[in-house]
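Asks: Attaching a predicted model along with its sequence, questions to come.
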Amino acid sequence: MRGAGSEPIGPAPRPRPRSRLAERADKVRGFGRRHRTLITVLGSLVTAAILVLLLAGRRHEFADALSEAAAGVLAVAALLQVVALLSRSEAWHLSIRAAGGTVDRRILYRASSMQVLGGVINGQLGVAARIAALRRSSPDVSPQVPTLIAAEFPILAVEATLAALTSFTLVGPLGLPWWLPLIGLAVIGTASAGLRHLALRKGRELWKGLAVLRSLQGGSRVIGFVLVAVLAQIFRNWLLLDAVGVNASFFDAIAVLIAVVTLSQLPVGPSVGAAAAVLILGSDGVAAAAAAGVLLTVTGTVGGLCFAGWAGADRLWSVSRSAALRRARARAPRSR
């Protein structure tokens, strides 16, 4: 029945009942959000316990492998981590500038350093930490949170594409079927094409974060900086694997990097480097692979702390400089 100038009158449509699987999935996600810290701690302890069991009876081999790495090699590995962090931060800067943000590069780099501290616990927490730091430090010139989240997608898409192109390195170590990397490449390619399609749409804050994909020049520069970051990580892996005596190829170093990135999405904590190295190269020697993984974590943390230390020092210098300028301006009228 329809009234004059009114909408059709009738019973409201009933909401479709949700399946039990969807309800259970919501409960699991809710539990994960409420107890994220507890899950991370438990996951870290379980991962560390598994590694300890694998190293049982191999303590001397593990210690000998650690002692093989020279201090100079460790310093170069930490420097490569800094290069990777700077390159990825610049890619993020390009993506945010394309989305309309006018944040100064130094301020954005300081915010990016917060990912180092959060990423030690969980990779997703690191991303959230640097987005929150940027919004807190520059709320007027940085895009909204949905845009900042979307600005991560072009970088993640490049990293995922590189991982898919090199995923054949996992076939041998993990015993995967040869055709699985082809499926992964097709899925990542389809997702990247979808991002490109969404980047051309306008009107929502979320799509603004994909604006860097609208131009060939902007997209190419992001790809270039992400590629530098990925290559720095691969060379760091290969350098440390060779330093502890693991007979690893360049492809093995790539496989370890893919494993590290994948496992870092799980609540495994600081043991992610050792777990990834043992997973990929444990068949050639658990002790040496675990030692290389530990050194990956140590040099990565040292490089990250150097980056964070620079950010903290730069922040203090900027605050002191601003205070000095205010004092100088306050004294200027008196001197006339």
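Replies: Nice, thanks for sending it over. Quick caveat, the model's predicted, so the values are computed rather than measured.

Asks: For stretch 99-110, which outside residues touch it?
Replies: Counting contacts by Cβ atoms under 8 Å, 6 or more residues apart in numbering, the residues outside stretch 99-110 that touch it are 86, 89-90, 92-93, 96, 133-134, 137-138, 141-143, 147, 150-151, 208-212, 311, 314-315, 318. C-beta here means a position set from N, CA and C on the backbone, and glycine is covered the same way.

Asks: Can you flag which of those residues belong to helices?
Replies: The members of those that map onto helices under DSSP state H are 86, 89-90, 92-93, 96, 133-134, 137, 147, 150-151, 208, 311, 314-315, 318.

Asks: Quick check on the residues you listed: which are buried?
Replies: Among the ones in helices among the contacts of stretch 99-110, those that count as buried by neighbour count (16 or more other Cβ atoms under 10 Å) are 86, 89-90, 92-93, 96, 133-134, 137, 147, 150-151, 208, 311.

Asks: and those residues as a markdown table, adding distance to G184 and pLDDT?
Replies: Written out in a markdown table, the entries for these read as follows (distance: Cβ to Cβ, whole Å; pLDDT from 0 to 100):
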| residue | distance to G184 | pLDDT |
| --- | --- | --- |
| L86 | 29 | 94 |
| S89 | 27 | 92 |
| E90 | 28 | 93 |
| W92 | 25 | 91 |
| H93 | 29 | 91 |
| I96 | 29 | 89 |
| A133 | 33 | 85 |
| L134 | 32 | 86 |
| S137 | 37 | 82 |
| T147 | 29 | 82 |
| A150 | 23 | 83 |
| A151 | 24 | 85 |
| K208 | 29 | 69 |
| A311 | 35 | 88 |
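
Asks: Looking at these, which one is closest to L42?
Replies: The shortest distance between L42 and any of these, using Cβ to Cβ, involves A133 and amounts to 27.3 Å.

Asks: and the gap between that closest one and R105?
Replies: The spacing between A133 and R105, counted by Cβ to Cβ, to the nearest Å, is 15 Å.

Asks: now do S95
Replies: Here S95 is placed at a distance of 13 Å from R105 (Cβ to Cβ).

Asks: These two - which one has more neighbours?
Replies: S95 (28 against 11; other Cβ atoms under 10 Å).

Asks: Next one: that one relative to A275, how far apart?
Replies: For S95, the distance to A275 equals 30 Å [Cβ to Cβ].

Asks: Next: A211.
Replies: As for A211, its distance to A275 is 37 Å (criterion: Cβ to Cβ).

Asks: go on, M114?
Replies: Summarising the geometry, the distance separating M114 from A275, computed by Cβ to Cβ, is 25 Å.

Asks: now swap in P154 and tell me
Replies: Applying Cβ to Cβ, one obtains 29 Å for the distance of P154 from A275.

Asks: what about the two, which has more around it?
Replies: Relative neighbour count places P154 above the other of P154 and A275, with 29 against 25, counting by other Cβ under 10 Å.

Asks: Wait, that one touches L213, no?
Replies: Yes: taking Cβ atoms under 8 Å as the definition, P154 is a contact partner of L213 at 5.6 Å.

Asks: and for the two, which residues touch both?
Replies: The overlap between the contact sets of P154 and L213 (Cβ under 8 Å, 6+ apart) consists of L195, G219.

Asks: Can you give me the neighbour number for A49?
Replies: A49 - counted by other Cβ under 10 Å - has 11 other residues nearby.

Asks: Secondary structure element for N247, which one?
Replies: Under the criterion of DSSP states H and E, N247 resides outside all helices and strands.

Asks: With the one 5 residues further on instead?
Replies: Assigned by DSSP H and E, D252 belongs to helix 250-263.

Asks: helices or strands up against the next helix or strand after that helix?
Replies: Downstream of helix 250-263, the next assigned helix or strand under DSSP H and E is helix 272-281. With contacts taken as 3 or more Cβ pairs under 8 Å, 6 or more residues apart in numbering; DSSP states H and E, helix 272-281 sits against helix 36-54, helix 171-174, helix 250-263, helix 286-335.

Asks: Redo those as a markdown table? Include distance to G100.
Replies: Listed next are these as a markdown table, based on distance: least, Cβ to Cβ, whole Å:
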| stretch | distance to G100 |
| --- | --- |
| helix 36-54 | 31 |
| helix 171-174 | 42 |
| helix 250-263 | 29 |
| helix 286-335 | 24 |
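
Asks: Go through those and pick out the most buried.
Replies: The highest mean neighbour count among these, using mean count of other Cβ atoms under 10 Å, belongs to helix 250-263: a mean of 21.

Asks: how far is stretch 101-112 from where the chain is centred?
Replies: Once both centres are worked out by Cα atoms, centre = their mean, to the nearest Å, stretch 101-112 turns out to sit 17 Å from its chain's centre.

Asks: whoops, I mixed them up, stretch 46-54
Replies: If you compare the mean C-alpha spot of stretch 46-54 with that of the full chain, they lie 24 Å apart, counting by Cα atoms, centre = their mean.

Asks: tell me which residues in the helix or strand harbouring G224 are buried?
Replies: Element membership for G224 (DSSP H and E) is helix 216-243. In terms of neighbour count (16+ other Cβ under 10 Å), helix 216-243 has its buried residues at 218-219, 221-223, 225-226, 228-243.
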